[in-house]
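Engineer: Build the 3D model from these lines:
(4 chains)
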There are 4 protein chains.
Amino acid sequence: MSHNSFGHLFRVTTWGESHGAALGCVVDGCPPGIRFKLAEIQAELDRRRPGQSRFVTQRQEPDQVKILSGIVVDEDGETMITTGTPVSMMIENVDQRSKDYGEIARQYRPGHADYTYDVKYGLRDYRGGGRSSARETAARVAAGALARKVVPGLVVRGALISMGEKQIDRANWDWGFVGHEDNPFFTPDPASVPVFSTYLDGIRKAGSSVGAVVEIVAEGVPAGLGAPLYGKLDQDIASNLMSINAVKGVEIGNGFEAAHITGEENADEMRMGNDGRPRFLSNKAGGVLGGIATGEPVVARFAVKPTSSILTPRRTIDTQGQDVELRTKGRHDPCVGIRAVPVGEAMIACAIADHYLRHRGQVGSR
Amino acid sequence: MSHNSFGHLFRVTTWGESHGAALGCVVDGCPPGIRFKLAEIQAELDRRRPGQSRFVTQRQEPDQVKILSGIVVDEDGETMITTGTPVSMMIENVDQRSKDYGEIARQYRPGHADYTYDVKYGLRDYRGGGRSSARETAARVAAGALARKVVPGLVVRGALISMGEKQIDRANWDWGFVGHEDNPFFTPDPASVPVFSTYLDGIRKAGSSVGAVVEIVAEGVPAGLGAPLYGKLDQDIASNLMSINAVKGVEIGNGFEAAHITGEENADEMRMGNDGRPRFLSNKAGGVLGGIATGEPVVARFAVKPTSSILTPRRTIDTQGQDVELRTKGRHDPCVGIRAVPVGEAMIACAIADHYLRHRGQVGSR
Amino acid sequence: MSHNSFGHLFRVTTWGESHGAALGCVVDGCPPGIRFKLAEIQAELDRRRPGQSRFVTQRQEPDQVKILSGIVVDEDGETMITTGTPVSMMIENVDQRSKDYGEIARQYRPGHADYTYDVKYGLRDYRGGGRSSARETAARVAAGALARKVVPGLVVRGALISMGEKQIDRANWDWGFVGHEDNPFFTPDPASVPVFSTYLDGIRKAGSSVGAVVEIVAEGVPAGLGAPLYGKLDQDIASNLMSINAVKGVEIGNGFEAAHITGEENADEMRMGNDGRPRFLSNKAGGVLGGIATGEPVVARFAVKPTSSILTPRRTIDTQGQDVELRTKGRHDPCVGIRAVPVGEAMIACAIADHYLRHRGQVGSR
Amino acid sequence: MSHNSFGHLFRVTTWGESHGAALGCVVDGCPPGIRFKLAEIQAELDRRRPGQSRFVTQRQEPDQVKILSGIVVDEDGETMITTGTPVSMMIENVDQRSKDYGEIARQYRPGHADYTYDVKYGLRDYRGGGRSSARETAARVAAGALARKVVPGLVVRGALISMGEKQIDRANWDWGFVGHEDNPFFTPDPASVPVFSTYLDGIRKAGSSVGAVVEIVAEGVPAGLGAPLYGKLDQDIASNLMSINAVKGVEIGNGFEAAHITGEENADEMRMGNDGRPRFLSNKAGGVLGGIATGEPVVARFAVKPTSSILTPRRTIDTQGQDVELRTKGRHDPCVGIRAVPVGEAMIACAIADHYLRHRGQVGSR
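Structural biologist: Numbering: from 1, shown residues only, chains lettered A, B, ... in the order given. Now for the predicted structure:
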């Protein structure tokens, strides 16, 4: 069962709510002998951390990760080495702003899971969104940082490619720019920064919000990972991405475009390379054919809906069944898709690490 | 693990290849006391069956399903009643045209899984595509027919909404027309039939193929089904749809459109109905909020790529690493998206049946 | 979930009832490239087959296995090679003696699952015991025959070591005698044959039944298979054995004896062998320490209760809640523990094959 | 996969080593609305806690449990209510005695998992036994305390029934005595206390150790829980018990005795009770028939081997492949079977809670 776990051989279980004492994850199945520094995990968390620009929530959380189990420390006193036992990682919550949550407790915010949680469970931890808060994604990023270490040569990078009505110019794509200090958007297009800035300032000041599309590219995925039908690599990537809060759609390779073209246009032809290895002449498939990796970069995109918390009053009901109007105050991301970039990377890294181990299990190291 | 299974409490395992003796599925976890007639299962299979119009493959398969276990027959001699033990269903392959598969055996068809299978497994059953043949989807449809019986009041219907460059006019949507005998496309728009016919005749005669978008709507999904993050109803629907051959993208509700609009535009407001029950004033969310069903219709769409088997020669390599040109002959669907409609319905029915049981397990019958 | 499946990477799902059309299993995760002959699978089934001596049920079932998927046939036309896709195996039921099952339908046989099935499911296939018939174990034996091929060098052998009040003399242990044609008991002690024969003839003629203890020894289990706590090799072996009908207890190594001795007596000391490899000077642990294989033979024993179907009238109730007395007629094994020997071997072979793949997945081929 | 998890709908994942910062568990699938006090969880942990008599290890650990997620606190400020999201529980390690672990690091202790861990993983956290330390069982007890709350009316109690050569007199069985302050053995027989005391003092002073048999009885298990073959209630109980460190055998009901008697002797006859409900006239089956609960008390026993850490020098090898002699110093339980009593209770409570939810899922609340 997988209510709060994902993956099979590289299996991640997350726990925690927005305003509880802490949140975290247990990574079960991480192979022994993986070497990493705590700073490397922390660096990934820092990319996702709130409060780093005016375009994301102002909640201040250091998001310091602690490793509680599953490792020994090498002689340098710094390098951690996994032992093959479960790696438990914990992030304590710090900035749980004391406020009156009465309104959220009593009224169902449109677009949020308030109503559905109450229908399902009969009660909920409404403080800060509880379990469905985007804070939970910190645990995913921590797990993903470890997953990246499992597959030799794997590089997983993501970028925001559209925000509301605005989109990047793919001709300007520069991976090196994504992490630039003047780039608060994870955009790969330097020219898009002023466009997104102006646009999102307007959204933010209006108390509104906007959606986004994120693209993730995984390079170094060994050909052969995946399975034909129900353990398809692209299926598990899609599932992992859809598990992220606010995601409403997922594509692999050319995705929905494939539905509008012909077989001739869609085929990725092949030729032998000079090095004696097969080459695909294009990558419309996004690195996966029949559920199995081709060796080309794995490409996925996902749509993030606009943050549901907005200042414009919306019609809703309360827990007593009364019609009410609700403005959602508090600290929110005007475009939660921005911080979804490292989260998407992490989820894809986890999917690939899992399939790497599954493939090794079923097929060996042919 | 799930290389060939899906679902947890309503768990389906499929087996079989295109040109083996048979294919089938085992449904484990079907509740006891579910009553159905074999003809009802067969009726769903008949909707997916090949050879029914010139727009689908001409392979002639009766696709007669046999139920081998898990049922007792009621006193009427016809009604089957599930006993709670595994339901094994089998469909024998009949029309395995004797032909020379040497070319497929030796050359990797672009867009197919030939190359990736060989990379992964080192050998494959190349006859008719083996495990990755669309024939496998017959087993899904059989399982889905049973799943539909598990959730009282559930109605799952699908329709083809675009084919290549052509699309329906949603203003004409008529569910009643989808199964009409003059409608070989599962389109809900009567006006689209001549358009699709002409278009697809052109594609077919050119030996080409084209993609499609399919939309599935599930009504009668009880509010509360699903889970917040890793067992999200929409996630499991997306995963199930992505497991279908040739699917490259999945959306829930307004899907990718949500990435381009504001929070105000995306909110589904609520009001109490005259019957004292909550109402959503729109359904952009597609029936799922925070991974949990709202009680509104669950809406999903998926993109099917064009059939990779086309007559136009494509560049590829053979198993010896030689560059070759390949035309794919044989009987193929010029638009495999058509027959994907009942398959998509089945996969969503299975996802909902599974969550129905999971919800009952975790929460009871509150 | 595992209501009718077991194993993770080598995953077996069984289906079928005693008097249905057929029974079988789907083996998902069998590595590609495993070569076997159908006759090898059949040979294992023949060891378990009923009707071979007066000491087992007289039901006549040829138990011919068919392989429906997951293989290609090699050029010799005989050798099958697994492709990595699910292997579906089916055994048709032949000797479904037409009889009046009314009594079993209406009365709960003591020691059988009749009452508990009705409590759980509300209905049941009572013919021949339905799903809980020992016929189901044929599917396990078929899966086990494949599992044996997965682990290079693995040899799994079993023997009956006690029957009711009688037991073998371990000093006479001769593996070669277990399969001897004059040995209808799978006993390793030639001297026990006349003892068991006379004893069981008495039991059989009295319409009674008797329990047994079976011991399985697996040699060639690579050191390192298993996991420390919740995927312990001995735990999964115990679970697999307990899943066999009528099994009431399981031991690993010295088992319950370990509870009665001291740490000094229980320790398996070690020394380096002349070949530079570690040696254990004894094997009280039964080949597993801390859930992980030591490289010594894995030894397990299980207790099989006496067949519950006996001619002596027993007090019970009927489905209407009336007190009744019941004699169980029909064809039964007077000591079902005999035919449990190949079943136990199969279940242990499956557990080891699964852990072999799991180990390769998590740790690689260090 | 289940390397560090168990259960399906009530799913427990544990993490942590003996000398890490902490250990704990995540309980996923606990139904919402379960009310408990932290003191109730703590009370169970206190029963297992070391250092409470001279007969158990002298390590001093307060074993204070913290609940980090998955609950809201009721208005009384004390009662916790589960929300249906994962319950993360953590116990910090306190008494990690600073000592030289060099010997354990370099030499394989006979009977311990030192050698097998190194063979499997290539490295290990040797401090205090690392992951295989009995400290890990604290996490199980915490999870079990929650599991007890899930099934209304469930009472799970355990007792030590034999220690080495000594055993209780079942005629004296008094559940009320098991938790008595003058009873350091969890024995149900008051007369056994002086016998066990004298015996174990001798063992302890000799630096030796001894095994034990523990019996667990679960009352209030609803008839119908379980499944026929691969999700048998007794199978999952056996698996859970075998997952406990040092357990070498498991029995259900009369267990191995069943192998030595006849069908007549083994049958649990039935009669209708005066209250119109079925009664079993005996309970040799231990509350389970055909894998499904009968409604009678579920009875299981397990054998715990003697602690492998003893002062008598034993022959072994070191990590360099040299023959050595090893005395295991440090703080150890002379009979680890004593503290296994609450652990066994917890594991059975978890198995029953899981099956309670699984049954509700598959069958509903018939």
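Engineer: A:Val156 pairs with what?
Structural biologist: For A:Val156, the residues forming beta bridges with it (DSSP bridges) are A:Ala218.
Engineer: neighbours of it, just the number please.
Structural biologist: As a burial measure, the neighbour count of A:Val156 was computed by other C-beta atoms under 10 Å in any protein chain shown and equals 26. Where C-beta positions appear, they are placed from N, C-alpha and C, glycine not excepted.
Engineer: For the stretch 51-200 of chain A, which residues score under the pLDDT cut-off?
Structural biologist: Residues of the stretch 51-200 of chain A that meet the criterion pLDDT under 70 lie in A:96-100.
Engineer: so where do the strands sit in it?
Structural biologist: Assignment of strands within the stretch 51-200 of chain A using DSSP state E, counting those that start in this stretch yields the ranges A:65-67, A:71-73, A:79-82, A:87-92, A:155-163, A:166-167.
Engineer: Which one of those lies nearest to B:Asp114?
Structural biologist: Distances from B:Asp114 to each of the strands of the stretch 51-200 of chain A were compared using C-beta to C-beta; the shortest belongs to strand A:155-163, at 27.3 Å.
Engineer: outside of that closest one, which residues touch it?
Structural biologist: Outside of strand A:155-163, the residues that reach it under the criterion C-beta atoms under 8 Å, 6 or more residues apart in numbering or on different chains are A:144, A:148, A:167-168, A:170, A:173, A:175, A:178, A:185-188, A:196, A:199-200, A:210-220, A:301, A:335, A:337-338, A:341-342, A:344-345, A:348-349, A:352, B:259-260.
Engineer: Please indicate which of those are buried?
Structural biologist: A:144, A:148, A:167-168, A:178, A:185-188, A:196, A:199-200, A:210-218, A:301, A:335, A:337-338, A:341-342, A:344-345, A:348-349, A:352, B:259-260 (16 or more other C-beta atoms under 10 Å in any protein chain shown).
Engineer: on that earlier part again, sort out for me which of the contacts of strand A:155-163 are in helices.
Structural biologist: Taking DSSP state H, the ones among the contacts of strand A:155-163 that sit in helices are A:144, A:148, A:175, A:178, A:196, A:199-200, A:341-342, A:344-345, A:348-349, A:352.
Engineer: Need the pLDDT of the spatially closest residue to A:Leu233 that is not a sequence neighbour.
Structural biologist: Counting by C-beta to C-beta, 6 or more residues apart in numbering or on different chains, A:Gly226 is the residue found nearest to A:Leu233 once chain neighbours are left out, at 3.3 Å. At A:Gly226, the predicted lDDT confidence score is 97.
Engineer: ends of stretch A:52-61, how far apart?
Structural biologist: End-to-end distance for stretch A:52-61: 10 Å, by C-alpha to C-alpha, to the nearest Å.
Engineer: ok, and for that stretch, which residues are buried?
Structural biologist: A:55-57, A:59, A:61.
Engineer: And for stretch A:318-332?
Structural biologist: A:318, A:324, A:326, A:328, A:332.
Engineer: Export only the CA atoms of that stretch, formatted as PDB.
Structural biologist: Presented in PDB, the C-alpha positions along stretch A:318-332 are these (Å, rounded to 0.1, in the frame of the first residue of the first chain):
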ATOM      1  CA  ASP A 318     -18.600  26.400   6.400                       C
ATOM      2  CA  THR A 319     -18.500  23.300   8.400                       C
ATOM      3  CA  GLN A 320     -22.000  23.900   9.700                       C
ATOM      4  CA  GLY A 321     -23.300  24.000   6.100                       C
ATOM      5  CA  GLN A 322     -23.800  27.700   5.900                       C
ATOM      6  CA  ASP A 323     -23.000  29.700   2.700                       C
ATOM      7  CA  VAL A 324     -20.100  32.200   3.400                       C
ATOM      8  CA  GLU A 325     -17.600  34.300   1.500                       C
ATOM      9  CA  LEU A 326     -14.000  33.700   2.300                       C
ATOM     10  CA  ARG A 327     -10.700  35.700   1.700                       C
ATOM     11  CA  THR A 328      -7.600  33.600   2.400                       C
ATOM     12  CA  LYS A 329      -5.100  35.600   4.400                       C
ATOM     13  CA  GLY A 330      -1.700  34.500   5.500                       C
ATOM     14  CA  ARG A 331       1.700  33.900   3.900                       C
ATOM     15  CA  HIS A 332       1.400  32.200   0.500                       C
END
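Engineer: Pull the residues that contact it.
Structural biologist: Residues outside stretch A:318-332 that contact it (C-beta under 8 Å, 6+ apart): A:57-59, A:97, A:99, A:103, A:105-110, A:118, A:207, A:209, A:307-317, B:271-272, B:276, B:278.
Engineer: Repeat that for stretch A:122-131.
Structural biologist: So stretch A:122-131 is in contact with A:16-20, A:96, A:101, A:104-105, A:112-114, A:117-118, A:135, B:228-229, B:363, B:366, D:32-33, D:71-72, D:81, D:83, D:85, going by C-beta under 8 Å, 6+ apart.
Engineer: repeat for stretch A:186-197
Structural biologist: Contacts made with stretch A:186-197 from outside it, assessed by C-beta under 8 Å, 6+ apart, are listed as A:55, A:158-161, A:163, A:166-170, A:172-175, A:177-180, A:182-185, A:214, A:338, A:341-342.
Engineer: can you dump the C-alpha coordinates of that stretch into CSV?
Structural biologist: The C-alpha trace of stretch A:186-197 is given here as CSV (Å, rounded to 0.1, in the frame of the first residue of the first chain):
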residue,chain,number,x,y,z
PHE,A,186,14.3,28.7,-11.9
THR,A,187,13.8,29.9,-15.4
PRO,A,188,16.4,28.8,-18.0
ASP,A,189,15.8,31.9,-20.1
PRO,A,190,17.6,35.0,-18.8
ALA,A,191,15.3,37.2,-20.9
SER,A,192,12.3,35.9,-19.0
VAL,A,193,13.3,37.2,-15.6
PRO,A,194,12.1,40.8,-16.1
VAL,A,195,8.9,39.5,-17.7
PHE,A,196,8.1,37.1,-14.9
SER,A,197,9.1,39.6,-12.3
